[in-house]
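Enquirer: Next come a sequence and a model predicted from it.
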Amino acid sequence: MADKVNGQSAAVASMAADWPMLEALMGGTRAMRAAGEKLMPRFTLEHKDDYAARVAVSILFPAYRRTISVMVGKPFAKPVTLGEDVPPQIAGANEEEGWAEDIDREGVNLHTFAAEMFGEALAYGLAGILVEAPKPPASASQGMTRAVEKGVGMRPYWVRIKHHQILGWRDEVQNGKHVLTQLRLKETMVEPDGEWGEKTVERVRVLTPGAWALYEKINATAAGEDWVKVDEGLTGLDVIPFVPLYGWREGFMRGSPPLLDLAFMNVKHWQDSSDQSDGVMFARKRMVVMIGGGVDAEGNPIVASSNSVTSLPVGGDVKIVQGSAENVKIGRDELAALEEQMIQTGAELLTKKPGDRSATEAANDADANKSDLQRITETFEDSLDQALYLTALFAGLPDGGHAELFKEFGVSIDAVASAQVLRDMRMAGDLSFETYFAELQRRGYIAPDVDAQAERERIDEEGPALGTMTDPASDPADPVDPASDPNAVAA
């Protein structure tokens, strides 16, 4: 339980248990080395210098980070589609760019922003979007024109809330729906310090419906730290303008990384590959063992080398101890098997899972026949819709509309079969051209920028397809006289 404004709640602490491991995996080799014994145990009799040397040459196989990147690329392989119900101020209209082209006021468009936050949620299980609006200047009137609004930047914008910034919250059920009544977010600001230096200032933003307060850490000593309120204000809204983003949604404001098992495998690979490198080095190098003493007849240390003659005392012997090449091969095969297992674990997010239904039932149940990544993408779509709603709420617009992501990326054995079913329905007259065209477009068979109506007009201009025209001069009802047709074959 948090006893200070910067303390983690029990729910956050539970989710945060795996975050250091995930952060190291996402940070790459340098971050994994910096994690030290937390992720690379030291052997019982291993000297600390030997351990440091071993970790310093270990290389991470970035399976977790690469898989997250690949999965993010699936729904964002095509641009985020804003519905016609999205206000023109947000989406843009009449060749004028809307807020979506610079959704964070840092030059990042909505598609790129959403892709970044989708990866954050997928990697750590929980993230968020905070919708904010700057304070109006003192000289601004209530009825600001569009031109003045653009001139002073007075419009809502989105703020990235990473997993580690979420400290805790309070919520209650209102009209059957969970609603945030308090949210604490950690912030860090870099401020000038002296003429050339800079310092990092830690703050906590506390949000409540309609208001916010900012706390800053002061008097940090070994005995503890104090937090004081340094700013506060009103949002003008009756809700907290925050939208949670989930990897795998476990409940309201609770999420888990869908590839957590892959992360644990990746850490094991990190450890095993270090052992393998150590084993390979031992197999390459030969250790000389002196039997009967390591000094010659005069008492001088014996030095063995390939270009010298060694004198041994009577009864002495020299043997070579070297690692087994077979053990090196076993270790290499084990690493290869683990890498294959990681690939399969990551690919499971893309596999459509119809469950125990028959193939016919699964084909008729589109909602059930989805991959986990498609379901995660749909949940993320809902979050984008909420962010658009809050944006519209800040701007005094009636509605924010909806966004749509590409979701036809699941691996399915009936992908070709479903296209054939659509074709048969179209040929039988059970499906309109526009619906048939849209379904093929949704499955990726037709580029998304091809217009159905324009395509129909092109087809009409081309005329009948080859092989479908008949000779109007001939009557198909009249049988052909074999005697008059040299190509005819008599029965």
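Expert: In hand now; what should we look at?

Enquirer: what helix or strand is residue 272 on?
Expert: Secondary structure from DSSP states H and E places residue 272 in helix 260-284.

Enquirer: Would you tell me what the next helix or strand after the helix or strand encompassing residue 249 is?
Expert: Following DSSP H and E, one finds residue 249 within strand 248-251. Once strand 248-251 ends, the next helix or strand along the chain (criterion: DSSP H and E) is strand 254-256.

Enquirer: Report all helices and strands that that next one contacts.
Expert: Under the contact criterion of 3 or more CB pairs under 8 Å, 6 or more residues apart in numbering; DSSP states H and E, strand 254-256 touches helix 10-15, strand 242-246, strand 248-251. Every residue, glycine included, has its C-beta placed from N, CA and C.

Enquirer: Can you give the contact residues for that strand?
Expert: Contacts with strand 254-256, where a contact means CB atoms under 8 Å, 6 or more residues apart in numbering, come from 11, 15, 121, 125, 126, 244, 245, 246, 247, 248, 249, 250.

Enquirer: what do you get if the cut-off is 10 Å, keeping everything else the same?
Expert: By CB atoms under 10 Å, 6 or more residues apart in numbering, the residues outside strand 254-256 that reach it are 11-12, 14-15, 18, 121-122, 124-127, 163, 244-250, 376, 379.

Enquirer: neighbouring strands for it, and are they parallel or not?
Expert: In the sheet, strand 254-256 lines up against strand 248-251 (antiparallel) (DSSP bridges).

Enquirer: How far off centre is the partner strand?
Expert: In terms of CA atoms, centre = their mean, to the nearest Å, the centre of strand 248-251 is set 15 Å apart from its chain centre.

Enquirer: among the helices and strands packed on strand 254-256, which is nearest residue 332?
Expert: Closest to residue 332 of the helices and strands packed on strand 254-256 is strand 248-251 (CB to CB; 33.8 Å).

Enquirer: Tell me the buried residues in that closest one?
Expert: Within strand 248-251, the residues scored as buried using 16 or more other CB atoms under 10 Å are 248, 249.

Enquirer: Next: stretch 337-346.
Expert: 338, 339, 341, 342, 345, 346.

Enquirer: pretty sure the third one contacts residue 348?
Expert: What that stands for is residue 341. No. Residue 341 is beyond contact range of residue 348, at 11.0 Å (criterion: CB atoms under 10 Å).

Enquirer: Give me the common contacts of these two.
Expert: Here residue 341 and residue 348 have 261, 262 as joint contacts, going by CB under 10 Å, 6+ apart.

Enquirer: and residue 123, what is it in contact with?
Expert: Contacts of residue 123 (CB under 10 Å, 6+ apart): 19, 22-23, 25-26, 64-65, 67-69, 71-72, 163, 247, 257-259, 263.

Enquirer: Which of those residues fall within strands?
Expert: Using DSSP state E, no member of the contacts of residue 123 falls within strands.

Enquirer: which of the residues you listed are buried?
Expert: Taking 16+ other CB under 10 Å as the criterion, what is buried in these is 19, 22, 25-26, 64-65, 67-68, 71-72, 163, 247, 257-259, 263.

Enquirer: quick check: angle from the top strand by length along the chain to strand 242-246?
Expert: Looking across the chain with DSSP E, the single longest strand is strand 177-193. Here strand 177-193 points in a direction 100 degrees away from that of strand 242-246 (axes from the mean of the first three to the mean of the last three CA atoms, to 10 degrees).

Enquirer: Give me the buried positions along strand 177-193.
Expert: Result for strand 177-193 [16+ other CB under 10 Å]: buried residues 180, 183, 184, 185, 186.

Enquirer: Next: stretch 381-388.
Expert: Buried, per 16+ other CB under 10 Å, within stretch 381-388: 381, 383, 384, 385, 386, 387, 388.

Enquirer: Pull the contacting residues for the residue nearest to residue 374 when sequence neighbours are not counted.
Expert: Sequence neighbours aside, residue 407 is the residue nearest to residue 374 in space, at 5.0 Å (criterion: CB to CB, 6 or more residues apart in numbering). Residues near residue 407 by CB under 10 Å, 6+ apart: 74, 75, 78, 370, 371, 373, 374, 375, 377, 378, 381, 442.

Enquirer: so can I have a markdown table of those residues showing secondary structure and pLDDT?
Expert: Listed next are those as a markdown table, based on DSSP: H, G, I helix; E, B strand; the rest coil; pLDDT from 0 to 100:
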| residue | secondary structure | pLDDT |
| --- | --- | --- |
| 74 | coil | 93 |
| 75 | coil | 94 |
| 78 | coil | 90 |
| 370 | coil | 84 |
| 371 | strand | 89 |
| 373 | helix | 94 |
| 374 | helix | 93 |
| 375 | helix | 94 |
| 377 | helix | 96 |
| 378 | helix | 95 |
| 381 | helix | 97 |
| 442 | helix | 69 |
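
Enquirer: From those, pick the one nearest residue 59.
Expert: Distances from residue 59 to those, taken as CB to CB, are shortest for residue 74 (27.6 Å).

Enquirer: correct me, but the closest one touches residue 371?
Expert: Yes. Contact status for residue 74 versus residue 371: in contact at 9.3 Å, counting by CB under 10 Å.

Enquirer: Residues in contact with both of the two, list them for me.
Expert: Contact with both residue 74 and residue 371 is made by residues 349, 350, 377, 407, 409, 410, according to CB under 10 Å, 6+ apart.

Enquirer: Select, from those residues, the two members most distant in space.
Expert: The span of the shared contacts of residue 74 and residue 371, defined through CB to CB, is set by 349 and 407 at 12.8 Å.

Enquirer: anything in contact with each of these two?
Expert: With CB under 10 Å, 6+ apart, residue 349 and residue 407 have common neighbours 74, 371, 373, 374, 375.

Enquirer: Show me which of those are buried.
Expert: Buried among the shared contacts of residue 349 and residue 407 (16+ other CB under 10 Å): 74, 371, 373, 374, 375.

Enquirer: Same list (those) but as TSV, adding distance to residue 112.
Expert: Putting those into TSV (distance: CB to CB, whole Å) gives the following:
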residue	distance to residue 112
74	16
371	24
373	19
374	21
375	23
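
Enquirer: which residue is nearest the middle of this protein?
Expert: residue 119 (2.4 Å; CA atoms, centre = their mean).

Enquirer: Quick check: it is in a helix.
Expert: Yes. Assigned with DSSP: H, G, I helix; E, B strand; the rest coil, residue 119 falls within a helix.

Enquirer: just to revisit the earlier point, dump the helices and strands packed on strand 254-256 into TSV; add distance to residue 4 and mean pLDDT as well.
Expert: Converted to TSV, the helices and strands packed on strand 254-256 look like this (distance: least, CB to CB, whole Å; pLDDT from 0 to 100):
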stretch	distance to residue 4	mean pLDDT
helix 10-15	14	96
strand 242-246	21	97
strand 248-251	25	95
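
Enquirer: Break this protein down into its domains, please.
Expert: For the chain, the structural domains run 7-162+259-285+327-409, 286-321, 414-463, going by automatic domain parsing.

Enquirer: Would you mind saying which of the ones you listed lies nearest residue 227?
Expert: Nearest of those to residue 227, taken as CB to CB: domain 7-162+259-285+327-409 at 10.1 Å.

Enquirer: what about the closest one, how long is it end to end?
Expert: From its first residue to its last, domain 7-162+259-285+327-409 covers 41 Å (CA to CA, to the nearest Å).

Enquirer: Run the chain-centre distance for that domain.
Expert: For domain 7-162+259-285+327-409, the distance from its own C-alpha centre to the chain's C-alpha centre is 3 Å (CA atoms, centre = their mean).
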